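**Q** Turn this into a model:
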Amino acid sequence: DEPVLLELRSPCIVVGDLHGQILDLYRILAFFGMPSSRRKYVFLGDFVDRGEFSVEVIIIVLTLKVIWPDNVSIIRGNHEFQFLCSQCGFMTQMIDFFCDNMLFNKCVTAFNYMPLAARIDRKILCVHGGIGPSLKSLNQICSLRRPIQDFDGDLVDSLVWSDPSDEITEGSFMPSTRGTGYIFN
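**A** Numbers count the residues shown, from 1 in each chain. Take a look at the predicted model:
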């Protein structure tokens, strides 16, 4: 039920890609503490794939969200799209763990409804990837309709695939060498 663009207030602990690395998640929670009314987390996606504990990481992060819905915010990364998480380890782990792909499909459905961006104090835009030349207004993000099943539009591609670079002229963009998204300054 959350909007595609979350509006948050600082202070926030912003957490990037976990990629199934449960020990990283444990270290972050041990260092900063569990969520509370004074301790808010913003997770920037890529919870699954690559690491050995994608199932456990997504279960823990979603459980934190259920227990502390106002203090844990989650946005979607490119690995929360079926195209990647069915090829990069998550689907295999889910089937190995639950002996069925039904729960994998349910996770993908949940991923399709995740917010894509968060704005902290109306000043700081948080996305998994970055921005691209088609993003002119935050209203464009707000107007995206879910479920979003594929990253096949320029705006969604930008938000989940783009990467920053100091080698690009300020205010300009280049197509990413990864084949989707942009490199931006």
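**Q** For residue 45, see how far away residue 88 is.
**A** Distance, residue 88 to residue 45, using C-beta to C-beta, to the nearest Å: 14 Å. Just so you know, the C-beta spots here come from the backbone N, C-alpha and C atoms, and that holds for glycine as well.
**Q** neighbour-wise, which of these two wins?
**A** Using other C-beta atoms under 10 Å, the more surrounded residue of residue 88 and residue 45 is residue 45, with 27 against 17.
**Q** Now do the contacts for residue 169.
**A** Shown in contact with residue 169 (C-beta atoms under 8 Å, 6 or more residues apart in numbering): residue 185.
**Q** My error: substitute residue 32 in the last question.
**A** Residue 32 neighbours (C-beta under 8 Å, 6+ apart): 13, 39, 41.
**Q** For the first one, which three-state class applies?
**A** Read it as residue 13. Put simply, residue 13 is strand when judged by DSSP: H, G, I helix; E, B strand; the rest coil.
**Q** So which residues of this structure form helices?
**A** For the chain, the helices defined by DSSP state H occupy 22-32, 54-67, 82-85, 90-98, 102-111, 138-142, 154-161.
**Q** Including distance to residue 132 and mean pLDDT, could those helices go into a markdown table?
**A** Shown next, in a markdown table, are these (distance: least, C-beta to C-beta, whole Å; pLDDT from 0 to 100):
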| stretch | distance to residue 132 | mean pLDDT |
| --- | --- | --- |
| helix 22-32 | 28 | 98 |
| helix 54-67 | 27 | 98 |
| helix 82-85 | 19 | 96 |
| helix 90-98 | 26 | 96 |
| helix 102-111 | 21 | 97 |
| helix 138-142 | 11 | 97 |
| helix 154-161 | 3 | 95 |
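**Q** residue closest to the middle of this protein?
**A** residue 45 (2.1 Å; C-alpha atoms, centre = their mean).
**Q** Could you work out the end-to-end span of stretch 13-31 for me?
**A** End-to-end distance for stretch 13-31, by C-alpha to C-alpha, to the nearest Å: 11 Å.
**Q** So for that stretch, what gets flagged as buried?
**A** Neighbour-count burial for stretch 13-31, counted by 16 or more other C-beta atoms under 10 Å, picks out 13, 14, 15, 17, 18, 19, 20, 21, 22, 24, 25, 29.
**Q** Please apply the same query to stretch 102-114.
**A** By neighbour count on 16+ other C-beta under 10 Å, the buried set for stretch 102-114 is 104, 107, 108, 111, 112, 114.
**Q** Out of the residues you listed, which is nearest to residue 158?
**A** residue 114 (16.4 Å; C-beta to C-beta).
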